[in-house]
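In: Fold the following and give me the result.
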Amino acid sequence: MTIRRLIASCVAALLLGAPAHASEKVLHTFLTTSETGLDPAVASDIATLSLLENLFDPLLRYDYAARPVALGGNAALALPEVSADGLVYTFRLRPGMLFGADPAFKGQRREVTAADYVYSLKRLYDPALKSPWLFLFEGKLKGDAALKGAFSDATGIAGLQAVDRHTLRITLSAPDKNFLFYLAMPASGAVAREVIEAYPGQAGNHPVGSGPFRLGEWKRSDKIVLLANRDWGLTRHGQRLPLIDKVEVRIAEEFQGRMLGFLSGEYDYLEQVPESLTDMVIRDGRLKPELAARGIVLTRFPVLQTYYMWMNMEDPLLGGYGKDKVALRRAIALSYDSAEDIGLLKKGFALRAESPLPPNVLGYDPAYRAPVPYNKALAQALLERFGYRQRDPDGFRRGPDGQPVTLTMHSEATVGGRLRDELWRKNLNAIGLRVVFRTDKKTEIIKASRLGKVQMFESNWIADFPDGDNFYQLLYGANRGRANYARFNLPAYNERYEQARLLGDSPARQKLYGEMNQLIHAYNPWVPLSHPLSADLQHPWLKNHKRHPVEFTTWRYLDIDPEQRRRASKMAR
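Out: Residues are numbered from 1 along each chain as shown. Next up, the predicted model:
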């Protein structure tokens, strides 16, 4: 069966399976990996965060249309009042916000109050949760040292005060130019104490928030249905949000399944066309005419995202700060062929990464160039000089101790993951390094990474907020076991990071960022790879779609024309 006939048959099947309520507005979309537990304090993978930002309410959110990005009110009526010294933030909450119904509330409707935000932010300090988001607040809220050690959420601190039912006061120990960004993240969403206590250790299985959607159906790692929360109360251009009735989310880990699903109308939009399937829809940099004739629209979107391959600095073979270990990691970095990666795998839809920062993030320096270019000859010479001279009969190198060197790189069990494996195998074999690949689901790899049990892995980071601090914290020593998967812990880097985090976007901070870049390239805990230029597709029946640089989803603003969808389905049969 040809792809065209396959698509047509899929469309026909979708039409036959259309919902009984023809006017119901249902957004059909997908997540690229399985979700984990739906607890704002714990989850850190993109799939789960995409759901959480629709189920829970942080104090602030980004303006949907503003470019450059701008924060505005959400649970708070507006941006806070800030004291002259930049330490005290006073938020006025929207009255009448309600948590979803749950037996934990004993039949009562439960209003969201300032005390809920005090409780929710304190939860991040609970050592039992091992929250990956604690670094955003730890040491910054006045008096939060009291939350360490024998943790109790009943412990009061000066930094978090519910002044009254609808007034929250947050006091910092020192000014933080990025603090408001943290309060727009899913981790800052309000949870209810009653729900957390009703399901001990199982809060992620019982998500009860006050966000624009409620959880309807949940078939793990398969299908999630979110229902519009008609109590939410926020509006845009005079229209009450959300505009749609529900969101049907599927888990689509395979690239081809996502693409065929979109082309058949199973999904209403597709963000970031899979690099290995670009030729299916794009020719000479443009959408194929037959797809344009169907009303499909192609847009290019500069993602605030960096792809990088990290190496475990505590690994016995690859880690350490001695010259022989640095030489091994430097040789690996020198072996990376960015032109082949971007040209063949990403089909030209990416920029070479010179540093951790992508363009359009505060602190990005367009003039900076990495001092570690693609250079196989230099990589070979470096290995020879620092003791990796002996070779096995098959040509692969031994280490300075005479033992065989076998690198182990984790990878995702997808078509894209296998293509990446082959590129790395080719690059590393070319300089005499043997590599084996261990495949698993990304969620499992991340869990093992936090425990220091992964040697090498190609990952990516999408900005939680549009400031360089969000990327440079990935290599801060205190974040080992959390976002710092490389477990890099260099005093010279840590000192500069701690100085930079106290500064706003400025020449002084730019100088520190340049020095941090040099240290990253000197010790090579990372190989910065690329910044994607996303090729996004959408069907004509999807309305109001405007991708946001920071937020993962825009579901609450989207609209669907059911009649236009039905007409398109009939034409495709």
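In: ranges for the helices of the stretch 301-450 of the chain?
Out: 323-335, 338-340, 376-385, 415-429, 442-450 (DSSP state H, counting those that start in this stretch).
In: Give the other helices and strands that the first one contacts.
Out: In terms of contact count using 3 or more Cβ pairs under 8 Å, 6 or more residues apart in numbering; DSSP states H and E, helix 323-335 is assigned the packing partners helix 376-385, helix 415-429, helix 507-523. Every C-beta, even on glycine, is put in place using the N, C-alpha and C of the backbone.
In: Nearest approach to residue 57 belongs to which of the ones you listed?
Out: Across the helices and strands packed on helix 323-335, residue 57 has its closest neighbour in helix 507-523 (31.6 Å, Cβ to Cβ).
In: what's whatever helix or strand comes next after the closest one packed up against?
Out: Following helix 507-523 in sequence order, the next helix or strand is strand 526-538 (DSSP states H and E). In terms of contacts (3+ Cβ pairs under 8 Å, 6+ apart), strand 526-538 is packed against strand 269-270, helix 278-281, strand 297-302, strand 305-311, strand 350-352.
In: how about a cut-off of 6 Å?
Out: The contact analysis (3 or more Cβ pairs under 6 Å, 6 or more residues apart in numbering; DSSP states H and E) places strand 526-538 against strand 297-302, strand 305-311, strand 350-352.
In: angle of the first one against strand 526-538?
Out: Translated: strand 297-302. 160 degrees (axes from the mean of the first three to the mean of the last three Cα atoms, to 10 degrees).
In: ok so, going back, can you redo the helices of the stretch 301-450 of the chain as a markdown table with mean pLDDT, distance to residue 84 and mean neighbour count?
Out: Shown next, in a markdown table, are those (pLDDT from 0 to 100; distance: least, Cβ to Cβ, whole Å; neighbours: other Cβ atoms under 10 Å):
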| stretch | mean pLDDT | distance to residue 84 | mean neighbour count |
| --- | --- | --- | --- |
| helix 323-335 | 98 | 47 | 21 |
| helix 338-340 | 94 | 48 | 14 |
| helix 376-385 | 97 | 54 | 17 |
| helix 415-429 | 93 | 51 | 17 |
| helix 442-450 | 92 | 40 | 18 |
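In: Adding distance to residue 83, write these out as CSV.
Out: Formatted as CSV, these follow (distance: least, Cβ to Cβ, whole Å):
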stretch, distance to residue 83
helix 323-335, 46
helix 338-340, 47
helix 376-385, 53
helix 415-429, 49
helix 442-450, 37
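In: Show me the one of those helices that comes nearest residue 496.
Out: Comparing these by Cβ to Cβ, helix 323-335 comes nearest, at 18.8 Å.
In: what's the neighbour count on residue 202?
Out: Under the neighbour criterion other Cβ atoms under 10 Å, residue 202 is assigned a count of 11.
In: actually residue 318, sorry about that
Out: For residue 318, the count of nearby residues is 19 (other Cβ under 10 Å).
In: Surely it and residue 310 touch.
Out: No. Taking contacts as Cβ atoms under 6 Å, residue 318 lies outside contact range of residue 310: 10.5 Å.
In: What values do phi and psi take at the residue located most distally from the centre of the chain?
Out: Centroid-distance maximum for the chain: residue 393 at 43.6 Å, with Cα atoms, centre = their mean. Dihedral pair for residue 393: phi -60, psi -30, per degrees, to the nearest 10.
In: Number the residues from 515 up from this point.
Out: Yep, numbering from 515; the last one is residue 907 now.
In: Now do it against residue 842, distance only.
Out: From residue 907 across to residue 842, the span is 21 Å (Cβ to Cβ, to the nearest Å).
In: same deal with residue 868?
Out: Separation of residue 868 from residue 842 (Cβ to Cβ): 22 Å.
In: Residue 864 now?
Out: Residue 864 is 27 Å from residue 842, by Cβ to Cβ.
In: what number of residues lie near residue 641?
Out: Count around residue 641 with other Cβ under 10 Å applied: 12.
In: Leaving out sequence neighbours, find the closest residue to it.
Out: In this structure, residue 641 finds its nearest non-sequential neighbour in residue 665, 5.8 Å apart by Cβ to Cβ, 6 or more residues apart in numbering.
In: Hmm, the one you found is touching residue 640, no?
Out: Yes. Here residue 665 reaches residue 640: they are 5.4 Å apart, a contact under Cβ under 6 Å.
In: re the thing from before, to residue 1044, which of the helices and strands packed on helix 837-849 lies closest?
Out: Nearest of the helices and strands packed on helix 837-849 to residue 1044, taken as Cβ to Cβ: helix 929-943 at 11.5 Å.
In: So which elements touch that closest one?
Out: Counting by 3+ Cβ pairs under 6 Å, 6+ apart, the packing neighbours recorded for helix 929-943 are strand 948-954.
In: List the buried residues of the strand it packs on.
Out: Neighbour-count burial for strand 948-954, counted by 16 or more other Cβ atoms under 10 Å, picks out 948-949, 951, 954.
In: Check stretch 596-611 too.
Out: Residues of stretch 596-611 classed as buried by neighbour count (16+ other Cβ under 10 Å): 601-608, 611.
In: ok, of these, which one's closest to residue 717?
Out: For the buried residues of stretch 596-611, the nearest to residue 717 is residue 611 (19.4 Å; Cβ to Cβ).
In: from what I can see that closest one touches residue 724, true?
Out: Yes. Using Cβ under 6 Å, residue 611 makes contact with residue 724 at a distance of 5.0 Å.
In: shared neighbours of these two, anything?
Out: In terms of Cβ atoms under 6 Å, 6 or more residues apart in numbering, residue 611 and residue 724 are both contacted by the residues residue 626.
In: Residue 790 - that's part of a strand, no?
Out: No. Using DSSP: H, G, I helix; E, B strand; the rest coil, the secondary structure at residue 790 is helix, not a strand.
In: give me the number of residues near the nearest residue to residue 1052 once chain neighbours are set aside?
Out: Using Cβ to Cβ, 6+ apart and skipping residues adjacent in sequence, the residue nearest residue 1052 is residue 783, 4.1 Å away. Counted by other Cβ under 10 Å, the residues lying close to residue 783 total 20.
In: Distance of residue 783 relative to residue 1031?
Out: 35 Å.
In: if we can go back for a sec, mind putting the buried residues of strand 948-954 into JSON lines with pLDDT?
Out: Shown next, in JSON lines, are the buried residues of strand 948-954 (pLDDT from 0 to 100):
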{"residue": "948", "pLDDT": "98"}
{"residue": "949", "pLDDT": "98"}
{"residue": "951", "pLDDT": "97"}
{"residue": "954", "pLDDT": "94"}
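In: which is the next helix or strand following the helix or strand encompassing residue 632?
Out: Residue 632 belongs to helix 628-637 when assigned by DSSP H and E. Counting by DSSP H and E, the next helix or strand C-terminal to helix 628-637 is strand 674-678.
In: Going along the chain, name the helices of the stretch 515-664 of the chain.
Out: 517-530, 560-569, 628-637.
In: mean confidence for the first one?
Out: What it means is helix 517-530. The average pLDDT within helix 517-530 is 44.
In: Likewise for the second one?
Out: Along helix 560-569, the predicted confidence averages to a pLDDT of 97.
In: which residues are in contact with it?
Out: For helix 560-569, the external contacting residues (Cβ under 6 Å, 6+ apart) are 545, 547, 549-550, 554, 700, 721, 723, 725-727, 740, 1066-1067, 1069.
In: Now for those residues, which sits with the most neighbours around it?
Out: Compared across the contacts of helix 560-569, residue 554 has the highest neighbour count, 29 neighbours, by other Cβ under 10 Å.
In: Tell me how far it lies from residue 548.
Out: Counting by Cβ to Cβ - residue 554 and residue 548 are separated by 18 Å.
In: just residue 943 next, same as before
Out: Distance, residue 943 to residue 548, by Cβ to Cβ: 32 Å.
In: ok, now residue 665?
Out: Taking Cβ to Cβ, one finds residue 665 at 30 Å from residue 548.
In: One more: residue 1070?
Out: Applying Cβ to Cβ to residue 1070 and residue 548 gives a distance of 23 Å.
In: between these two, who's got more neighbours?
Out: Neighbours per residue, other Cβ under 10 Å: of residue 1070 and residue 548, the larger number sits with residue 1070, 23 against 17.
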